[in-house]
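> Next come a sequence and a model predicted from it.
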Amino acid sequence: MRKNKVLSVLWLIPASWSLLRTMWMVFMHGFRKRETVNYPEEEVYLPPRYRGRIILTRDPDGEERCVACNLCAVACPVDCISLQKGEKDDGRWYPEFFRINFSRCIFCGMCEEACPTSAIQLTPDFEMGEYQRQQLVYEKEDLLINGPGKDHDYHFYKVAGMAIAGKDKGEAQNEEVPEDVRTLLP
Amino acid sequence: MATIHVDGKTYEVNGAHNLLQACLSLGLDIPYFCWHPAMGSVGACRQCAVRQYKDKDDNKGVLVMSCMTPAADQTRIDIDDEEARAFRASVVEWLMINHPHDCPVCEEGGHCHLQDMTVMTGHDRRRYRFNKRTRRNQYLGPFIAHEMNRCITCYRCVRFYNDYAGGTDLGAFGARDNIYFGRYAEGTLESPFSGNLTEVCPTGVFTDQSHSDHYTRKWDLQYAPGICHQCAVGCNISPGERYGEIRRIENRYHGEVNSHFLCDRGRFGYGYVNRADRPRVPEWTERPGQEAVTLGVDPALERITGALRQARRIIGIGSPRASLESNHQLLAMVGPENFSTGIESREQACLAIMNRLQETSGLPTPTPREIERHDAILVLGEDPVQSAARLGLNLRQAVLSRREELAEQIGVPAWNAEAVKTLGQDRYHPLHIVWPAPTELDSVAVARHALAPDDIARLGFAVAHAIDPAAPPVDGLDPASQERAGEIAVSLLKAARPLVVSGGSLASEAILEAAGAVARALSRRAAQGGLVLIRREANSTGLSLMGGQTLDWALDELSEGRADAVVVLENDLYQRLPADRVEQALARANTRVVLDHQRTRTAEGADFILPAASFAEGSGTLVNLEGRAQRFFRVFEPAYLRPETRIHESWRWLHTLAAGLRGEAPGDISLDLATRACAGAHPGLAGIVDAAPGADYRIEGLRLAREPQRYSGRTAMRANLDVNEPRPPQDTDTPFAYSMEGYSGFDRPRQQIPFAWAPGWNSPQAWNKFTDEVGGHLRGGDPGIRLIRPQPGHREYPDPVFDDGATDSSGLRALVLPRVFGGEETSARAEPVRQRMTAPVVILARPDAEALGVRDGDSLTLLGVREGDSLMLFGGPDITVSEQEDWPPGWAGLPAGLLPGLGQGATLTLGKPTGGES
């Protein structure tokens, strides 16, 4: 009986060892390299493909890339994008308004994947905190930037067959001159 | 019936179909482009290939185009055959090699048949590395946008436009790969059915320009089952709303009424709903001439009740463009003895005759679809294409169906469109038109007899007498007319199913009685005939079934001081009677309350305007010209995106107002209660309750969704107003939800379908999934209830009565001709329709033009109009003279809508613009 009692407290040995080892490890962490960043005094590194604040970009000629096709809006799982198509005098489609409700946005990047013109892009920026939720509703003025973003070369209207001022039918990539239906030549 | 074997399974199908139609009717998916249920097969696109086997032992088979192969008994085919699939994939790849990579900026994107078929065949990578063909576009007018790069040369556009709708100004130019679909020269497409090109074209070559001006993808629109309010045919439409505006009208398939096609007035005439000048809040003008003050709902109702309580007697003026529910609530508020239908007396008399004839003429009224099965037609005193455009298309098919009859005789199936067309050439079923001006149907008619209204009636009675000698003869008919009558009678008698078409366009009771006499004569002689009577406005039939005094009566009561308050429901009185008469009557009233969705002249002169709902924001019931009661449902809640609006249905306003007048708290009111109240009060309208399911209708416990599942932007579209989203509007009146949550599928049969969508089928071809067989009827039954049925019994012929009118030598008499664009009050306020209106023309006979000293192309001014004892003077607009060879002398043909309130037969004083009266 007595022997059994002695044996029953033997578990204290490994337990104490574990305790001491843990304390040692915690202590040693005091000398490791810090993972915590002293934000906001110190800047955070975000990889270029980080999915943060959404922007609308311009094509290499400085024109708005967005053609208001609505694909970003329909791809958005939380339905936080709404826009309206307009048409400029030169025949380009553009968004009359473009609104993203960032209080709903989950930064999933589906809009960027859906965009056929590389207009909508996610950026490595998450600093969007506001005291008033209403401020999280971004309009086109808040979204549109002055550059091509990550995609430097793509120019939708140079690929698409629709004619706009300055780019007639037949002048897009891989296009023949428009057919003359009245000719009899083979 | 025939038994066919598809992919090893056995099915029963209609043997008169081709394999493509049979398979689509079974719900099997075969990709196709050029075939269309209304236009048959031509085998142009090669997309619908399947493998056909000779018999059970044949395991090799051959590839055939399913649209060109009859669904004969014991046909064996494989759709899911490897070679057939590869073939179909190659065909789509060919069609796509020149496609311009512009889906993001294409209006068709999202409801594009080409997109659907490309996905269905699995073509997803471009392999062709060479240059693309390009083609220039044309300007085709305010309705249709053109982008020829997208063409896949299926020929559907010209087959619809030329062969089906009888247009002459769209064609295929060039040959082989150098081909062009357009007009010879740029310009407005002339056919009033051009809008159907947007749905017929499987790609984005022809798109809706009015939609493009405020474009929204199909998946982003909110829909409800609507009924077109622009004429009396009652076509079913799917109006689509986004951001508080109607953006587009699409055809909603109805197996008996409009099937696949709409007219351009219905499709593009919706713009009045979006007008910025619409009344959106109650307005109060304290004294005439003062600035109107806007009021809240309660203060407005309080003021109106206060004003109406002081009145000795309130006259209620209803409207044939408002729903039955609204008219009934007005009638209930003012009492039947104070209710006027708001229809001018002659038109109302004509409406009464038309209702009577539909019951007692002995011939039933065919549905528009049934019209197409008649084989001889007499159009008496009506221009169907202008007054009820969709019917004009049906009449055209009836005339063309001779080809199918001829084809049947030699065993060519009716769907083999090119063969049938080649065989038929210009052999048509006889169509006789009796109408003074040229019509769209002249090209397929035996003859058009240009007669004055009274002579039309005379000819009609003469035809009746020639068919049945028991019918009363017409005295003093000239031999030429006698001969014409004989010819018409013979061709009607030869037919198995003759059809008589007439209507109220000329406001002549004599013409209608004559049409009735022809119908009665035919009913005694022929086996199956039909009688179609065309009304003018969306709810003319319904209102005439409800009954009420005429508008003339209402104005007399007011101007003679027997009543001192008037409530006008969605009606611009100035459109119906001469302005001085209306003005005088309204000036005598102390209180003028107008409920309307448009800022009409009547509304502008009112003390109170209550903002009523149009077909887009309101629900109600209309009765079309065949007597079919159909319900339309509100598409959107206007206060959701514009919280300041106070738009409500007129029946809701009037119910609350009536309770206020009685000094009671307003009781419950809902669409179902309003419909039931109307049905209970008028025995002729008892059936309207069953016209559509009530608010408690559910499918699998679900409401019906107004929005497609992909509806986007819900959490952003209103975020500019407030980032806190309110609860979506709740709809207690209808079974529809303002949400994508709810039933929107096709596998449970239902009648009320806000929009057609099925997995893989985003284009209008998705309707195939909702019909019992492709091009047939909705599986849940075609919506609506017929209220007017022929009553059995023997009836005598009416005695011919002609209203020659006082022949006035001092001037020409007005003959107001209906017109598609501009002839209807509300659609004439829509911008594209305004652009499409033709310049006003006055048609004169040569002697009359000579007497006025003008020639074809000169200008005339209308100086005065005398109608009875009312005289109006105009400084009038300049109107171009058009001399017409066979025009009846003594009459001046003017387009409807040019001079509001101009009555049929009024005496005109015309003069040259420089002065110098005639």
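Looks like it arrived, so ask away.
> can you pull out the helices in the stretch 251-400 of chain B?
B:264-268, B:297-309, B:324-334, B:345-360, B:368-371, B:384-387, B:389-400 (DSSP state H, counting those that start in this stretch).
> Which residue, neighbours along the chain excluded, lies closest to B:Asn251?
Nearest residue to B:Asn251, sequence neighbours excluded (Cβ to Cβ, 6 or more residues apart in numbering or on different chains): B:Leu262, at 5.0 Å. C-betas here are computed from N, CA, C, even on glycine.
> I'd like the helices of the stretch 251-400 of chain B as a markdown table, with mean neighbour count appended.
Below are the helices of the stretch 251-400 of chain B laid out as a markdown table (neighbours: other Cβ atoms under 10 Å in any protein chain shown):
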| stretch | mean neighbour count |
| --- | --- |
| helix B:264-268 | 27 |
| helix B:297-309 | 17 |
| helix B:324-334 | 27 |
| helix B:345-360 | 21 |
| helix B:368-371 | 22 |
| helix B:384-387 | 26 |
| helix B:389-400 | 25 |
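> which residues touch the residue nearest to B:Asn251?
Listed by Cβ atoms under 8 Å, 6 or more residues apart in numbering or on different chains, the contact set of B:Leu262 reads B:Gly195, B:Asn196, B:Cys228, B:Cys235, B:Ile237, B:Ile249, B:Asn251, B:Arg390.
> Can you give the distance from the host helix or strand of B:Val567 to the centre of its chain?
Assigned by DSSP states H and E, B:Val567 belongs to strand B:565-569. How far strand B:565-569 lies from its chain's middle: 29 Å, per Cα atoms, centre = their mean, to the nearest Å.
> Tell me the first helix or strand C-terminal of it.
Per DSSP H and E, the helix or strand that comes after strand B:565-569 is helix B:579-588.
> Tell me which stretches of chain A form strands.
In chain A, the segments counted as strands under DSSP state E are A:54-56, A:81-87, A:93-101, A:120-122, A:137-138.
> Rebuild those as a markdown table, extending it with distance to B:Pro754 and mean pLDDT.
Shown next, in a markdown table, are these (distance: least, Cβ to Cβ, whole Å; pLDDT from 0 to 100):
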| stretch | distance to B:Pro754 | mean pLDDT |
| --- | --- | --- |
| strand A:54-56 | 32 | 96 |
| strand A:81-87 | 21 | 95 |
| strand A:93-101 | 26 | 95 |
| strand A:120-122 | 30 | 96 |
| strand A:137-138 | 30 | 96 |
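> Let me have those in CSV, extended by mean neighbour count and distance to B:Gln386.
Below are the strands of chain A laid out as CSV (neighbours: other Cβ atoms under 10 Å in any protein chain shown; distance: least, Cβ to Cβ, whole Å):
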stretch, mean neighbour count, distance to B:Gln386
strand A:54-56, 23, 49
strand A:81-87, 21, 33
strand A:93-101, 22, 37
strand A:120-122, 23, 49
strand A:137-138, 22, 50
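> Just want the most central residue of chain A.
In chain A, the residue lying closest to the centroid (Cα atoms, centre = their mean) is A:Leu122, at 2.0 Å.
> which bits of the stretch 201-350 of chain B sit near chain A?
Counting by Cβ under 8 Å from any Cβ of the partner chain, the stretch 201-350 of chain B comes close to chain A at B:Ser212, B:Asp213, B:His214, B:Tyr215, B:Thr216, B:Arg217, B:Trp219, B:Asp220, B:Tyr243.
> Now for these: which two are most distant?
B:Asp213 and B:Trp219 (19.3 Å; Cβ to Cβ).
> Which of the two has more residues huddled nearby?
B:Trp219 (20 against 16; other Cβ atoms under 10 Å in any protein chain shown).
> Now do the contacts for the closest residue to chain A within the stretch 251-400 of chain B.
Nearest residue of the stretch 251-400 of chain B to chain A: B:Asn274, at 13.6 Å (Cβ to the nearest Cβ). Contact analysis of B:Asn274 by Cβ under 8 Å, 6+ apart lists B:Glu245, B:Ile246.
> again, 10 Å this time
B:His214, B:Glu241, B:Gly244, B:Glu245, B:Ile246, B:Arg247, B:Ser614, B:Ala616, B:Ala830, B:Glu831 (Cβ atoms under 10 Å, 6 or more residues apart in numbering or on different chains).
> Just confirm the second one is within a strand.
Yes. Checked against DSSP: H, G, I helix; E, B strand; the rest coil, B:Glu241 lies within a strand.
> pretty sure B:Tyr11 is in a strand, no?
Yes. Counting by three-state DSSP, B:Tyr11 is located in a strand.
> how deep is it tucked in, by neighbour count?
Using other Cβ under 10 Å, B:Tyr11 has 15 other residues around it.
> Average pLDDT for the strand holding B:Val567, rounded please.
For strand B:565-569, mean pLDDT rounds to 95.
> Send me it as PDB with only the CA atoms.
What follows is strand B:565-569 as a C-alpha-only set of coordinates in PDB (Å, rounded to 0.1, in the frame of the first residue of the first chain):
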ATOM      1  CA  ALA B 565     -65.800  69.000 -57.500                       C
ATOM      2  CA  VAL B 566     -64.000  66.500 -59.800                       C
ATOM      3  CA  VAL B 567     -61.600  63.700 -59.300                       C
ATOM      4  CA  VAL B 568     -59.700  62.700 -62.400                       C
ATOM      5  CA  LEU B 569     -58.000  59.400 -62.500                       C
END
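> Note down every partner strand of that strand and its orientation.
Sheet pairing of strand B:565-569 (DSSP bridges) gives strand B:314-317 (parallel), strand B:591-596 (parallel).
> Of all the ones you listed, which one is nearest B:Lys494?
Going by Cβ to Cβ, the one of the strands paired with strand B:565-569 nearest B:Lys494 is strand B:314-317, 48.1 Å.
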